[in-house]
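Undergrad: build me a structure from this.
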Amino acid sequence: MKPAADVEVSLVFRHFYPILAGAAERFRRYSLPLAAHGIRYEVFTLREEEAHEQSERLHETLNVRRFSVQGKPWVRDAALFQQAWQHLSQRQPKGHVLQTSLAHDLSWPWLRRIRQRGMGCVYVGTMVGRPESGLPAWRRWAQSVKSWRNYQPFHRVVVSTTVMARWFQSQGVNPKRIEVIPNGVDLQRFRPARDVAEKQALRERWGLPVKGPVALFAGSIVPRKGIDLLLQAWPIVKQKLPEAQLVLVGGFDRPTFMTRERMAELSRFQEEMRTLAMQPECGGSVHFVGESSEVELWLRASDVFVFPTEQEGMGNVVLEAMASAIPSVITNFHGLPEQEFGKPGQEFVLVPRNSESLAQSLTELLSSPDQATAIGWNGHSWAQRELGLDLTIQRYAELYRRLAFVP
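TA: Residues are numbered from 1 along each chain as shown. Next comes the predicted model:
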């Protein structure tokens, strides 16, 4: 049945497809099922490479507008909101919603205009921040006032976990404006391998040993993700399991709009990670494979998923591993969901953030197929019960429709 009225949602993202940025990629995948609810997406994003088209229709209800903008990151953000305002100011407010994950001093004036015009505004949280307790009291007060102001234009702040909800309350967001919508998982895409033959065929495709334990990490190769901790732990695993292989799926030289200093810092980190991976103790067992749009296949080819991150909003890749019936070893990171992953020791394994604990848990699971299988299937059952994409899509569709016709 066709919905009573269509809704257009303008998404403002720094990065969007073909750049595989976490939240943006998630909403790109949401766009097709949301189309069945009468929701259309129009994306405003930065044009990161000349090869990227300025205007592109990815499918019937997903249009992308890319803009070449110079300057510091926040200045570029402001230019994106200005473009969104110019587009929306020519449209009737009813039936339109603006959504973003950017809220700061330069976005606030444009967001205020959009809201004053009568359009619904949604902020989607992607990270649990850290309190800056070392700052002087007056600085903390000034930041709290700015934070309160920058979130004021939004009718709703959507978060994926209860931990994130508490963080935004601490930033001055009224709890009545916070809505918890867990990140759904496509249970058709992320599924267990059908049998041993499917797993072996995938390993052959990528030149991995058909037999022997394989651990997988998926995410950007940046300091926050804890790659250094993982590569410090891996030689300990190799001592006990000489045949073990470690696969790292994620962007190593991903284009960004960082400052020159930040880019140099990241380049140094990445070079250090290459050096750690090539140390003799690793025995050539560490494989950097770059960004991939086939994470689901890498999960099916692996035995254990490892996520040594320091800080996250939710860590959607953990949910994808659970849906694939792969046991997950997670370090105790800032922002760890209290409910959404299930119970530690049952649906996943939680370890302290040190190389010895990480190595011990990886070794135990990689050398104990029965234990790994039990945890993997517990996680799969949890994902089937609690994390299906259908409920997430339904809740976003209802939210958009409410805000598209705000009084």
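
Undergrad: only C-alpha atoms from now on, for both contacts and neighbour counts.
TA: Fine.

Undergrad: what bridges to Ile330?
TA: Note on Ile330: beta-bridge partners by DSSP bridges are Phe307, Leu350.

Undergrad: contact partners of stretch 274-288?
TA: For stretch 274-288, contacts defined as CA atoms under 8 Å, 6 or more residues apart in numbering pick out 228, 231-232, 234-235, 238, 244-250.

Undergrad: so what touches the lengthiest strand in the chain?
TA: If you go by DSSP state E, the chain has its longest strand at strand 39-46. For strand 39-46, the surrounding residues in contact (CA under 8 Å, 6+ apart) are 6-16, 31, 34, 61-69, 76, 80, 83-84, 397, 400.

Undergrad: mind redoing it with 7 Å?
TA: Strand 39-46 is touched from outside by 6-16, 31, 61-68, 80, 84, with contacts defined as CA atoms under 7 Å, 6 or more residues apart in numbering.

Undergrad: what residues sit buried inside it?
TA: Ile39, Arg40, Tyr41, Glu42, Val43, Phe44, Thr45, Leu46 (16 or more other CA atoms under 10 Å).

Undergrad: show me where this protein has helices.
TA: 22-35, 73-88, 108-116, 137-151, 162-170, 196-206, 227-240, 260-277, 295-301, 316-323, 355-367, 369-386, 389-404 (DSSP state H).

Undergrad: could I get those in a markdown table, plus columns for mean neighbour count and mean pLDDT?
TA: Shown next, in a markdown table, are these (neighbours: other CA atoms under 10 Å; pLDDT from 0 to 100):
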| stretch | mean neighbour count | mean pLDDT |
| --- | --- | --- |
| helix 22-35 | 17 | 91 |
| helix 73-88 | 19 | 87 |
| helix 108-116 | 19 | 91 |
| helix 137-151 | 15 | 83 |
| helix 162-170 | 19 | 90 |
| helix 196-206 | 15 | 95 |
| helix 227-240 | 21 | 95 |
| helix 260-277 | 15 | 84 |
| helix 295-301 | 23 | 96 |
| helix 316-323 | 26 | 92 |
| helix 355-367 | 20 | 96 |
| helix 369-386 | 19 | 94 |
| helix 389-404 | 18 | 94 |
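
Undergrad: mind putting those into JSON lines with distance to His287?
TA: Below are the helices of the chain laid out as JSON lines (distance: least, CA to CA, whole Å):
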{"stretch": "helix 22-35", "distance to His287": "22"}
{"stretch": "helix 73-88", "distance to His287": "32"}
{"stretch": "helix 108-116", "distance to His287": "43"}
{"stretch": "helix 137-151", "distance to His287": "41"}
{"stretch": "helix 162-170", "distance to His287": "33"}
{"stretch": "helix 196-206", "distance to His287": "10"}
{"stretch": "helix 227-240", "distance to His287": "11"}
{"stretch": "helix 260-277", "distance to His287": "8"}
{"stretch": "helix 295-301", "distance to His287": "12"}
{"stretch": "helix 316-323", "distance to His287": "19"}
{"stretch": "helix 355-367", "distance to His287": "17"}
{"stretch": "helix 369-386", "distance to His287": "22"}
{"stretch": "helix 389-404", "distance to His287": "31"}
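
Undergrad: ok, which of these comes nearest Pro213?
TA: Closest of the helices of the chain to Pro213 is helix 355-367, at 5.8 Å (criterion: CA to CA).
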